[in-house]
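[1] Just to be clear, the model below is a prediction. Sequence and coordinates:
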Amino acid sequence: MNPPVLDALIIGAGFSGMYQLHCLRDRQGLSALVLEAGAGVGGTWYWNRYPGARCDSESHSYCYSFSQEMLQEWEWSERYPEQPEIMRYMNYVADKFDLKRDIRFNTRVIAAHWDAPANLWRVETEAGQSYAARYLITAVGCLSTANVPKFPGLESYEGRWVHTGEWPHEGVDFTGLRVGQIGTGSTGIQSIPVIAAQAASLTVFQRTANYSTPARNHPLSPEFQAWVKANYGEIVQTMRETRNGHWFRIKDRSIFDVTDEEREAAFEESWEKGGLQFRSEFGDITTNLEANSKAAEFIKRKIRETVKDPEKARLLSDIDHPYAAKRPPIDTGYFEAMNLDHVSLVDVKANPIVEITPKGVRTTAGEYELDMIVFATGFDAMTGPLLRLNITGRDGVALRDVWAAGPRSYLGLQVEGFPNMFTITGPGSPSVLTNMPVAIEQHVEFITTLIAHMRAEGVARIEPQAEAVADWLVKVNEASHETLLPQAASSWYLGANVPGKPRVFMPYAGGMAKYRGICEEVAAEGYKGFVLERETALT
Ligand code: NAP
């Protein structure tokens, strides 16, 4: 039996999918349905329940801004929201807009294909259900496909292993256990102090040392909460105007405009304030290598001052890339945890992991016996979540083949050959280089306006022009080279963390504000760069 035809199918019920449903269903009056693999809303926060999981964006800026009522109604309790609090927020939003009735939970999409004669997307789920819709909108996030390195012997391991991005919902008790953790990215740096507080011992396997600045998390005072509510208009405006979508501005001064003493004082002050603001202290930290090295040296010195054991301090401060060329973590007691006697650090760059044995981890330097292994090894970022949907477009061409040499898109929003498919925060958009809700809202609103335009104008089909895609690829590449971002060889922005993945810088690094301007211009010029086909052209 043919499934009923919907206007829109949305895959994923995180920040993007929920807002997209609200926009299409409640504002445009379309029939829309969300298919979600998890049993609840929340997207990345539904899956990432590892110890210490907390957002690195400040809570008052890590939320939707489309509803004044919500901005005034919701109360964040801490400077950085912890995973359970974000889940409460997502459920509050879902309930406020009655979204759950149009979300099918526990429904994993395993394939989607473009049915050209019917001008429809057909979608299959793991449970064998079929759906059909005019528009397919992927809201699968950028970091939702766990990367578990293919170490030989993992299946022989007699202990328990878990990946931070697929954390057991019932929690994990580390009491009395010898725990090993592989990975020291943003996730690993958050989980290490919390696991260390519980485990009998913690062995950290570090491949690439990482910069981290203190988060300085704290409960929000009633005065701050009142200030935020009174000033939300201005705060949201700033988030829309800044490069990274954060609520603070990057200072418009060069590191070389100040004396050594002034620079030191500025860094010290910023270090004390804590958070991602550290990189915005001077305008050239992320663009000029010499300026960057001043910030890098400051952080390395702080690491050496904090970590008492000289060998641990050396390993942790031996960082091979410019500061913030990889996504900079912020931490709560990461380097301090390294001072605990039961926390050891293993250099797996010098002595790589060879295999997982029944008893633990073997590196070229020897075996480490462990009761549990935590993989904080990140994600097959940006393209992974889209490729695992098994999407085929026009003429039966698979997205996997079109992207064999790396993702190609127009504005990170659409792929040539995949008509009426929209990728929220897709590769080629600012996405992961921003405070995500800001990028998400901009994409969702662009897609909503575009679909409304198509309906008003009788446009049945839209996809990008080949030249627009080629041109955008050049722009994405050029934008990355205006920053120091491509200089971190092992960065997941480049796909370097997954063996065999094409090395292409994936997000658009030109900044959220500039990107928003480009999208507005594209729309104002009648969706320049897209091919819009009217219904009559299809009959
Ligand atoms: P990640 O940044 O990719 O870090 C993965 C870690 O695992 C790295 O230290 C990596 O080493 C290591 N690793 C991977 N494969 C390995 C192997 N085969 N052998 C040894 N080590 C290996 O992943 P993540 O920490 O999960 O963070 C991913 C992104 O998620 C972040 O950059 C951020 O955007 C987001 N995130 C956000 C928050 C937040 O806002 N609260 C928290 C966590 C994560 P190499 O560096 O050498 O590859």
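    Noted; the coordinates are in hand. Keep in mind the model is a prediction, meaning the values are calculated, not measured. Numbers count the residues shown, from 1 in each chain.
[2] C-alpha from now on. contacts and neighbour counts both.
    Noted.
[3] Next secondary structure after the longest helix that the chain contains?
    When the chain is parsed with DSSP state H, its longest helix is helix 436-457. Note on helix 436-457: by DSSP states H and E, the next helix or strand toward the C-terminus is strand 459-464.
[4] what's the longest helix of the chain packed up against?
    Under the contact criterion of 3 or more Cα pairs under 8 Å, 6 or more residues apart in numbering; DSSP states H and E, the helices and strands touching helix 436-457 comprise helix 15-21, helix 512-524.
[5] residue boundaries of the strands in the stretch 101-250 of the chain?
    With DSSP state E, counting those that start in this stretch applied, the stretch 101-250 of the chain shows strands at 103-104, 109-115, 120-125, 130-138, 160-163, 178-182, 201-206, 213-214, listed in chain order.
[6] a markdown table please, covering those and showing mean pLDDT, mean neighbour count and distance to the ligand.
    Formatted as a markdown table, the entries for the strands of the stretch 101-250 of the chain read as follows, by pLDDT from 0 to 100; neighbours: other Cα atoms under 10 Å; distance: least, Cα to the nearest ligand atom, whole Å:
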| stretch | mean pLDDT | mean neighbour count | distance to the ligand |
| --- | --- | --- | --- |
| strand 103-104 | 98 | 21 | 25 |
| strand 109-115 | 98 | 20 | 23 |
| strand 120-125 | 98 | 22 | 27 |
| strand 130-138 | 98 | 23 | 19 |
| strand 160-163 | 98 | 16 | 9 |
| strand 178-182 | 98 | 24 | 6 |
| strand 201-206 | 98 | 23 | 6 |
| strand 213-214 | 98 | 23 | 13 |
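[7] Now distance to residue 97 too, for those, in JSON lines please.
    Rendered in JSON lines, the data for those read as follows (distance: least, Cα to Cα, whole Å):
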{"stretch": "strand 103-104", "distance to residue 97": "12"}
{"stretch": "strand 109-115", "distance to residue 97": "24"}
{"stretch": "strand 120-125", "distance to residue 97": "26"}
{"stretch": "strand 130-138", "distance to residue 97": "19"}
{"stretch": "strand 160-163", "distance to residue 97": "33"}
{"stretch": "strand 178-182", "distance to residue 97": "40"}
{"stretch": "strand 201-206", "distance to residue 97": "43"}
{"stretch": "strand 213-214", "distance to residue 97": "36"}
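[8] Mind checking the ones you listed for the one nearest to residue 15?
    Of all the strands of the stretch 101-250 of the chain, the one in closest proximity to residue 15, counting by Cα to Cα, is strand 130-138 (11.9 Å).
[9] how big is the angle separating that closest one from helix 436-457?
    Compare the direction of strand 130-138 with that of helix 436-457 by axes from the mean of the first three to the mean of the last three Cα atoms, to 10 degrees and you get 120 degrees.
[10] Would you give the sheet partners of strand 130-138, along with the direction of each?
    Taking DSSP bridges as the criterion, strand 130-138 pairs within the sheet with strand 5-11 (parallel), strand 120-125 (antiparallel), strand 421-423 (parallel).
[11] Redo the ones you listed as CSV? Include distance to residue 403.
    Written out in CSV, the entries for the strands paired with strand 130-138 read as follows (distance: least, Cα to Cα, whole Å):
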stretch, distance to residue 403
strand 5-11, 20
strand 120-125, 20
strand 421-423, 14
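[12] circling back to that earlier point, comparing the helices and strands packed on helix 436-457, which stretch has the densest surroundings?
    helix 15-21 (a mean of 27; mean count of other Cα atoms under 10 Å).
[13] Any regions of the stretch 1-150 of the chain where pLDDT drops low?
    Within the stretch 1-150 of the chain, the set of residues satisfying pLDDT under 70 comprises 1.
[14] Next up, phi/psi of the residue in it that the ligand sits nearest to, please.
    Of the residues in the stretch 1-150 of the chain, the one nearest the ligand is residue 55, at a distance of 3.4 Å by Cα to the nearest ligand atom. In terms of degrees, to the nearest 10, the main-chain angles of residue 55 are phi -80, psi 140.
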